[in-house]
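>>> need a 3D model of the sequence below.
(2 chains)
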Number of protein chains: 2
Amino acid sequence: MPAPYLLFLGDCEIEEAAKTAFGLAQWRRDQCLGQLRFETCKIDTGLPDLSIQEASARGAKSLVIGVVNAGGFIPDEWITYFVDALDAGLDLVSGMHQSLASIPQLKEAADRNNRQLFDVRSNTRDFETGTGRKRSGKRVLTVGTDCAIGKKYSALSIEQALRKRGVKADFRATGQTGVMIAGRGIAIDAIISDFLAGAAEWLSPDNDPDHWDVIEGQGSLFHPAYAGVSVGLIHGSQPDALVLCHQPGRKEIISVDGFPLPSLPACIDLNDRIAKLTNPNVKTVGVCANTSKLSAQEAQDAIRRIEDEVKLPCCDPVREGADKIADYMLAHCS
Amino acid sequence: MPAPYLLFLGDCEIEEAAKTAFGLAQWRRDQCLGQLRFETCKIDTGLPDLSIQEASARGAKSLVIGVVNAGGFIPDEWITYFVDALDAGLDLVSGMHQSLASIPQLKEAADRNNRQLFDVRSNTRDFETGTGRKRSGKRVLTVGTDCAIGKKYSALSIEQALRKRGVKADFRATGQTGVMIAGRGIAIDAIISDFLAGAAEWLSPDNDPDHWDVIEGQGSLFHPAYAGVSVGLIHGSQPDALVLCHQPGRKEIISVDGFPLPSLPACIDLNDRIAKLTNPNVKTVGVCANTSKLSAQEAQDAIRRIEDEVKLPCCDPVREGADKIADYMLAHCS
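Okay, the predicted model is just below:
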């Protein structure tokens, strides 16, 4: 996907739905020129607001759809903007389930302007079913009390902390934003269910004994829509270490009604139990707290409370990095 | 799919891989004319061995692929037989992942003979993501210590037992064989992972308060390739009752190496725990024992031992029906 990007936010009203935009703005800021927002948009990545014409004049090469909605379908009201972008000479990048090329106006506009349509979520290769075979090398997987809670940022921070220590480590992307950031990976929730664990096995192949794959988790065992994806990813990843991601203060599972967040001990316990099937030595090595909505003092208090509760290191990977967790993990899983 | 059928067994060597053939021979025997086996085939459904020409002469309307292999791909050596069947005027029915029409020789032979290619595993409709919303009516789901262990037969027997008691009940098929037997349903393992639970929700919609959906389970929480499918199906089904399916004497999880079967109490416990997310009142109401490889006496002993171990009714649904379990379920889940 050619950089630099204009990030499309459209009419997005909730921050969690804009995780692709925030992920790129955070981890690939030098490649992001600006954001495109409707008047009703309630989200701000902090990038300059640009129209398609302004972005094009400043050299934007791609319009990246920075928001998702449940189901991954593209609303009709977005399409005229996308056609304008193609007409202005930009490529179009999407992490939605619905393929861009399946929308006749977009296909036509892309052809007319000789522009490309990138569907990051489409997996162009076939996968095998899982085998459960033990692979060489080490793996850490981020899991969560909920979806859209920080599993990708946590994995990227852990990769950073490991590399800082001279440990060989690779971030393994499993979602559309992660794939955009890493430039490779699998949008695992777009895989045919039968091949879920097999695709996860493929994602972190045999490696050097002291190499760590840092695998981006998906979903949550406590989300009634997505727990199946989480389980397939856990089993296929056969992690040596799990890092639990949590947002202090979040009370309810997102995008559904009436599902309370699990307690941290219950969540650690169930993830450990599921993961033991393919790696009996797995252990949870820390909690990544997403304190983006708290003051510095509140964040510190929340982190201390979590450490008291679960007796494991806790940190906010965005505020302070994941050093504490990396140290604990290397000490306990080598 | 036009009956009667010739069941294709090919070079199948293990009984578990021929579950489609056995399912149709058991539950739709009046529609099965015979079986087609290579010399190396080690499986027998008990139906007459017929060549394609013989079956055609006796009025066969479809060749049904009665075997599966891991991954669901169609081996090259089968294709000449399928072309012969199309040339002999039969339609072709498949439950494999790979679509028949994607194989040029088959597409061409079907067109040439004006025959149909049925891909039971292809889902032609779109599903939504799961919501976890509580639906009216009652649901029982079969789960298993392993794959290919009797979850479909158990569900069909429970439906039969409920109807015999005057209870409104519908078998809900979730696998290719179940869909072939029921004439409707979803091959749930062919669903895109993100929509797993949503598809399961769609499969057993709101119903009368005293109506039971009897849902065919898939996979096993203890199978390293397929547990994700099991979890999505459990959550989307929001079952009031679970029936655990088990084969006494089976020691290892099939199609992978080095995974022992779980104990019955461990399996019941984990299934209950997963299922409680979308139905806190769920309970396991019995064990269906697949004693097909045991003598009558051995079967009786195995069933008694299971009842002693788990303190729940146990029966072999094929030998004796599922009356015991239906009675217990109606007494404890109404």
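>>> interface residues of the stretch 1-150 of chain A facing chain B?
Residues of the stretch 1-150 of chain A found near chain B (CB under 8 Å from any CB of the partner chain) are A:70, A:71, A:72, A:97, A:128, A:129, A:130, A:131, A:132, A:133. C-betas here are computed from N, CA, C, even on glycine.
>>> wait, a strand at the second one?
Right, residue A:71. No. Under DSSP: H, G, I helix; E, B strand; the rest coil, residue A:71 sits outside any strand and is assigned coil.
>>> re earlier: how about the residues of the stretch 1-150 of chain A next to chain B in a markdown table, adding distance to residue A:272, pLDDT and neighbour count?
A markdown table is the format used below for the residues of the stretch 1-150 of chain A next to chain B (distance: CB to CB, whole Å; pLDDT from 0 to 100; neighbours: other CB atoms under 10 Å in any protein chain shown):
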| residue | distance to residue A:272 | pLDDT | neighbour count |
| --- | --- | --- | --- |
| A:70 | 29 | 66 | 16 |
| A:71 | 31 | 70 | 15 |
| A:72 | 31 | 72 | 20 |
| A:97 | 31 | 80 | 22 |
| A:128 | 27 | 93 | 16 |
| A:129 | 24 | 95 | 23 |
| A:130 | 19 | 97 | 29 |
| A:131 | 22 | 97 | 19 |
| A:132 | 17 | 98 | 21 |
| A:133 | 21 | 98 | 13 |
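>>> show me these that map onto strands.
With DSSP state E as the criterion, strands contain none of these.
>>> so who does residue A:251 touch?
By CB atoms under 8 Å, 6 or more residues apart in numbering or on different chains, the residues touching residue A:251 are A:260, A:261.
>>> ok, now how distant is it from chain B?
Between residue A:251 and chain B the computed distance is 16 Å (CB to the nearest CB, to the nearest Å).
>>> likewise for residue A:105?
In terms of CB to the nearest CB, residue A:105 sits 20 Å off from chain B.
>>> burial count for that residue?
Per other CB atoms under 10 Å in any protein chain shown, the neighbour tally for residue A:105 reads 13.
>>> kindly report the same for residue A:280.
Neighbours of residue A:280 under the rule other CB under 10 Å: 8.
>>> and if you look at residue A:126?
Using other CB under 10 Å, residue A:126 has 13 neighbouring residues.
>>> hang on, it in a strand?
No. Residue A:126 is assigned coil when assessed by three-state DSSP, not a strand.
>>> how about it: what's its closest non-neighbour residue?
Spatial nearest neighbour of residue A:126, excluding adjacent residues (CB to CB, 6 or more residues apart in numbering or on different chains): residue A:195 at 8.0 Å.
>>> what pLDDT does that neighbour get?
With respect to pLDDT, residue A:195 scores 95.
>>> give me the phi and psi angles of it.
Dihedral angles of residue A:195 (phi, psi; degrees, to the nearest 10) stand at phi -110, psi 10.
>>> shouldn't it be in contact with residue A:128?
Yes. Under the criterion of CB atoms under 8 Å, residue A:195 makes contact with residue A:128 at 7.0 Å.
>>> shared neighbours, the two?
Common neighbours of residue A:195 and residue A:128 (CB under 8 Å, 6+ apart) are residue B:71.
>>> ok, now which ones touch the residue nearest to residue A:126?
Residue A:195 touches A:126, A:127, A:128, A:129, B:71, counting by CB under 8 Å, 6+ apart.
>>> which of the helices or strands spans residue A:141?
strand A:138-144 (DSSP states H and E).
>>> so what does that strand touch, helix or strand wise?
helix A:151-164, strand A:212-215, helix A:227-237, strand A:241-246, helix A:264-275 (3 or more CB pairs under 8 Å, 6 or more residues apart in numbering or on different chains; DSSP states H and E).
>>> same thing but at 10 Å, please
helix A:151-164, strand A:169-172, strand A:212-215, helix A:227-237, strand A:241-246, helix A:264-275, strand A:283-289, helix A:323-332 (3 or more CB pairs under 10 Å, 6 or more residues apart in numbering or on different chains; DSSP states H and E).
>>> looking at those, which is buried most?
Among the helices and strands packed on strand A:138-144, ranked by average contacts under mean count of other CB atoms under 10 Å in any protein chain shown, first place goes to helix A:227-237 (a mean of 30).
>>> any bit of it sitting next to chain B?
Yes. Residues of helix A:227-237 are located near chain B by CB under 10 Å from any CB of the partner chain, namely A:227, A:228, A:229, A:230, A:231, A:232, A:233, A:234, A:235, A:236.
>>> hang on, isn't the fourth one packed against residue A:216?
Yep, that's residue A:230 we're talking about. No. The pair residue A:230 / residue A:216 is not scored as a contact, 11.8 Å apart, by CB atoms under 10 Å.
>>> intersection of neighbour lists for these two?
Both residue A:230 and residue A:216 are in contact with A:141, A:151, A:188, where contact means CB atoms under 10 Å, 6 or more residues apart in numbering or on different chains.
>>> ok, how many other residues are close to residue A:41?
For residue A:41, using other CB under 10 Å, the count is 17.
>>> quick one: it is in a helix?
No. Counting by three-state DSSP, residue A:41 is not found in a helix; it is coil.
>>> hey, where'd the helices end up in the stretch 51-200 of chain A?
Applying DSSP state H, counting those that start in this stretch to the stretch 51-200 of chain A gives helices spanning A:52-57, A:76-87, A:104-113, A:151-164, A:176-182, A:196-203.
>>> tabulate those helices (a markdown table), appending distance to residue B:244.
Shown next, in a markdown table, are the helices of the stretch 51-200 of chain A (distance: least, CB to CB, whole Å):
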| stretch | distance to residue B:244 |
| --- | --- |
| helix A:52-57 | 58 |
| helix A:76-87 | 47 |
| helix A:104-113 | 49 |
| helix A:151-164 | 32 |
| helix A:176-182 | 37 |
| helix A:196-203 | 22 |
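>>> deepest of those helices, which one?
The stretch of those with the highest mean neighbour count (mean count of other CB under 10 Å) is helix A:196-203, at a mean of 26.
>>> by contact count, what packs against that helix?
strand A:212-215, helix A:227-237, helix B:227-237.
>>> export those to JSON lines and tack on distance to residue B:262 and mean pLDDT?
Shown next, in JSON lines, are the helices and strands packed on helix A:196-203 (distance: least, CB to CB, whole Å; pLDDT from 0 to 100):
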{"stretch": "strand A:212-215", "distance to residue B:262": "25", "mean pLDDT": "98"}
{"stretch": "helix A:227-237", "distance to residue B:262": "14", "mean pLDDT": "98"}
{"stretch": "helix B:227-237", "distance to residue B:262": "11", "mean pLDDT": "98"}
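>>> before we move on, back to that, between the strand holding residue A:141 and helix A:264-275, how many degrees?
130 degrees (axes from the mean of the first three to the mean of the last three CA atoms, to 10 degrees).
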